[in-house]
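K.L.:
Prediction below, plus the sequence it came from.
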Amino acid sequence: MPLIIQKKSLLTVGVIVATASIITAFTSRDNQQPPQHKHNFKVLPQDISRDSLDMIMDHFKAALGVKCGYCHAQSTTNPGHLDFSSDDKPEKEIARKMMVMTNDINQKYMRFNEDSTNQTEAVSCITCHRGDAHPEAKYPADDHHQGPPPGGAPQGPPPGGNPPPGGNGK
Ligand code: HEC
Ligand code: HEC
């Protein structure tokens, strides 16, 4: 019976998106109660809008190619749900450091990219992560690239090499 199958999969989908719906409920403009709970924030402003928070979290998720549960711990009281305020997962604390680092990069080194609202967003998580939670230096898996060669890039001119003749020195 196709109808029953459809209902079943709808139910499954419903369970899967249950966590997301909780967020949506908070976001909803016609929600009766204004959000009262205090965020466990060490980096973000306490008065951030739900929409902005959602956007940031979606960016983290996409930038690292992970799910929310990569940084957010399971709830101890509500099995199958994430406790977004919990700091039980070390990845969340690393993410905070990364947020501060990313801010610093933009503020200290990217000011020339400032737009009219004094915002600099030249560098964000995705600049380095590109959908990978582990963007640390990886070299192609062939024998010749076990790590950076001592003394720098092999392709470059030899140290002390002369500039090509005719080039204008600066
Ligand atoms: C890369 C790690 C990371 C990922 C992935 C991530 N988050 Fe977060 N999230 C954080 C950090 C860090 C904070 C706390 C920010 C702070 O301390 O200022 C946070 C805070 C939150 C909060 C506020 C909790 C509170 O204390 O009120 C919510 C809600 C939240 N995240 C939802 C989500 C959702 C939904 C997803 C998936 C779409 C997600 N997060 C994915 C790192 C992450
Ligand atoms: C300048 C480059 C850069 C930027 C920008 C950056 N990261 Fe990272 N991130 C790294 C590198 C490199 C590592 C791996 C560090 C290691 O394990 O040696 C890493 C590791 C992490 C990890 C730990 C992954 C693990 O499981 O060990 C998290 C979580 C993370 N980044 C979140 C973020 C978030 C969230 C942002 C944006 C706010 C961000 N990063 C911005 C370079 C960056």
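P.N.:
Nice, thanks for sending it over. Ligands and ions are numbered 1, 2, ... in the order given.
K.L.:
Output the below-cut-off pLDDT ranges for the protein.
P.N.:
1-36, 120, 142-170 (pLDDT under 70).
K.L.:
how about the residues of it that lie near ligand 1?
P.N.:
Contact residues (C-beta under 6 Å from any ligand atom) of the chain with ligand 1: 23, 39-44, 53, 57-58, 60-61, 64, 66, 68, 70-72, 84-85, 91-92, 95-96. (C-beta placed from N, C-alpha, C; glycine too.)
K.L.:
If we use 8 Å, what do you get?
P.N.:
Contact residues, the chain versus ligand 1 (C-beta under 8 Å from any ligand atom): 19-20, 23, 26, 37-44, 53-54, 56-58, 60-61, 63-64, 66-68, 70-72, 82, 84-85, 91-96, 98-99, 125, 133.
K.L.:
Buried subset of the residues you listed as a PyMOL selection?
P.N.:
The following PyMOL line selects those of those that are buried, judged by 16 or more other C-beta atoms under 10 Å:
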select buried, resi 19+23+53+54+60+61+63+64+66+71+72+82+84+91+92+95+96+98+99+125
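K.L.:
Of the residues of the chain next to ligand 1, which fall within the contact range of ligand 2?
P.N.:
Within the residues of the chain next to ligand 1, those near ligand 2 by C-beta under 8 Å from any ligand atom are 60, 63-64, 70-71, 91-92, 94-95, 98-99, 125, 133.
K.L.:
In TSV, list these along with secondary structure.
P.N.:
What follows is those, written out as TSV (DSSP: H, G, I helix; E, B strand; the rest coil):
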residue	secondary structure
F60	helix
A63	helix
L64	helix
Y70	helix
C71	coil
E91	helix
K92	helix
I94	helix
A95	helix
M98	helix
M99	helix
C125	helix
A133	coil
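K.L.:
That concludes my questions; thank you for your assistance.
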